[in-house]
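> Provided below are the primary sequence and the corresponding predicted coordinates.
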Amino acid sequence: MTFAELANQGILTQPLYEPGKPIDQVARELGLDPAGIIKLASNENPFGPSPKAVAAAERALREANLYPDGGYYALRQKLAAKWNLGMDQFIIGDGSNELIELLGHAFLAPGVECVMPRSSFMVYKLVTLMFGATPVEVPLVDMRQDLKLLVAAVTPRTRLVFLASPANPIGATNSAEEISELVRSLPPHVILVFDEAYAEFLDPAPDLRPLIAEGRKVICLRTFSKIYGLAALRVGYGYAAPELIAIVQRARQPFNVNGIAVAAAIAALDDHEFVEKYRRENAAGRTLLADGFRRLGLAFVPGGGNFLLVKVGDGARVFGALQQRGVITRPVNPYGLPEWLRITVGTRAQNERLLAALAEILPT
Ligand SMILES: *Cc1c(COP(=O)(O)O)cnc(C)c1O
């Protein structure tokens, strides 16, 4: 018998996630010096991690012989104080990606449907398929997520609705009113998974806590990978009604997040100066990129996160040409957007380099 015959049949057709290309890989493939390459492909913080988080991680490393607190008491306590919610309303994940998978363990099975906008973050669809459930993708309208169409796609078989705002990769943002109306329109057999990976870049971000308090079925997901600059450490969290959190906790492994990452996350929550500086720099950088795209005659989606989706014509060609010039961006053909590239807002120097490279590549 072959391994393929022994495997669960679903795993053989499970699609793979294509991450942004690491700098070292591009350097190897193209024979470039890694020091000269910039990565604007994965919405990472271009200013590095918070120094306070790094110091906390270094201290925690000296206790690496001990298991972490499997209940993550200190981090949940800190989050409860930050959000003015109960500690029992938080779950900590190995990145918010893991929380999406844990929701799959808790709520998905063959015969169940998950509704999501087309060109959503790929992990929603991957997790849906992993559990044998059916993804139902709702078309975008003018590169925006139409939440009324999401509600219209709900059937008696729907269990989860996935929504991110700002959305990744498209970047578009839905208003607090639209999101609140969505939550109030969903029937009681449906849970909204509201992915707030980029919420910290909004000012203000929609606040779904009142909806949770009034018993609406929502779980909000946040991450330390974006504004906090800790993508390599893999920490995220979810908050929701205690009854929902208790169910998802059952799917979690006892020590799912490592103690060094948790120590860094706790310290990062206190580094307000670092977060504020990045928020400001990101807004300025996004404006600089937007102005640059306009000068080049390129359409783009006005995004609320730390990246922009820009229409370059032949996405694969422009991606390759940028890469030749040492600038890694993200092709979005796997999201059905072959004419577009997703570009992370970098430092000022990185943004200028990207725009200069685009000007060289694109026909004038
Ligand atoms: C980056 C991102 C995440 C966060 O992933 P982590 O696993 O926490 O690193 C989640 N959702 C979206 C839409 C993202 O872009």
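Structure's in. What do you need?
> Give me the most central residue, this structure.
The chain has residue 197 as the residue nearest its centroid, 4.6 Å off, counting by C-alpha atoms, centre = their mean.
> and the helix or strand harbouring residue 320, what's its mean pLDDT?
Secondary structure assignment for residue 320, by DSSP states H and E: helix 315-324. The average pLDDT within helix 315-324 is 97.
> For it, list every residue counted as buried.
315, 318-319, 321-323 (16 or more other C-beta atoms under 10 Å). To be clear about C-beta, it is placed using only N, CA and C from the backbone, and glycine gets the same treatment.
> what does it contact?
Residues outside helix 315-324 that contact it (C-beta atoms under 8 Å, 6 or more residues apart in numbering) are 21, 26, 30, 312, 328-333, 337-341, 354, 357-358, 361-362.
> make it 10 Å
21, 26, 29-30, 32, 37-38, 40-41, 298, 310, 312, 314, 327-333, 337-343, 353-354, 357-358, 360-362 (C-beta atoms under 10 Å, 6 or more residues apart in numbering).
> was I right about the residue nearest to the centre of the chain contacting residue 226?
Yes: using C-beta atoms under 10 Å, residue 197 is in contact with residue 226, at 5.7 Å.
> where do the contact lists of the two overlap?
With C-beta under 10 Å, 6+ apart, residue 197 and residue 226 have common neighbours 43, 96, 168, 236, 305-306.
> Let's have the residues you listed in TSV, adding pLDDT, distance to residue 219 and neighbour count.
What follows is the shared contacts of residue 197 and residue 226, written out as TSV (pLDDT from 0 to 100; distance: C-beta to C-beta, whole Å; neighbours: other C-beta atoms under 10 Å):
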residue	pLDDT	distance to residue 219	neighbour count
43	97	22	24
96	98	11	25
168	98	18	26
236	98	12	26
305	98	20	29
306	98	23	28
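> restrict these to contacts with the ligand.
The subset of the shared contacts of residue 197 and residue 226 within reach of the ligand, counting by C-beta under 6 Å from any ligand atom, consists of 43, 96, 168, 236.
> any idea which helix or strand comes after the host helix or strand of residue 291?
Per DSSP H and E, residue 291 falls inside helix 272-295. Counting by DSSP H and E, the next helix or strand C-terminal to helix 272-295 is strand 300-301.
> In contact with the residue of the stretch 51-200 of the chain found nearest the ligand, which residues?
Going by C-beta to the nearest ligand atom, the ligand is nearest to residue 95 of the stretch 51-200 of the chain, at 2.5 Å. Residues in contact with residue 95, defined by C-beta under 10 Å, 6+ apart, are 101, 123, 197, 221, 223-225, 230-231, 233-236, 256-257, 261.
> Give me the subset of those lying in strands.
Residues of the contacts of residue 95 located in strands (DSSP state E): 221, 223, 236.
> Quick check: the gap between residue 135 and residue 292.
Distance from residue 135 to residue 292, counting by C-beta to C-beta, to the nearest Å: 35 Å.
> Between these two, point out the one with more neighbours.
Shown here are residue 135 and residue 292; by other C-beta atoms under 10 Å, residue 292 has more neighbours (20 against 17).
> Excluding chain neighbours, what is closest to the more buried one?
Ranked by C-beta to C-beta, 6 or more residues apart in numbering and with sequence neighbours excluded, the top spatial neighbour of residue 292 is residue 355, at 3.9 Å.
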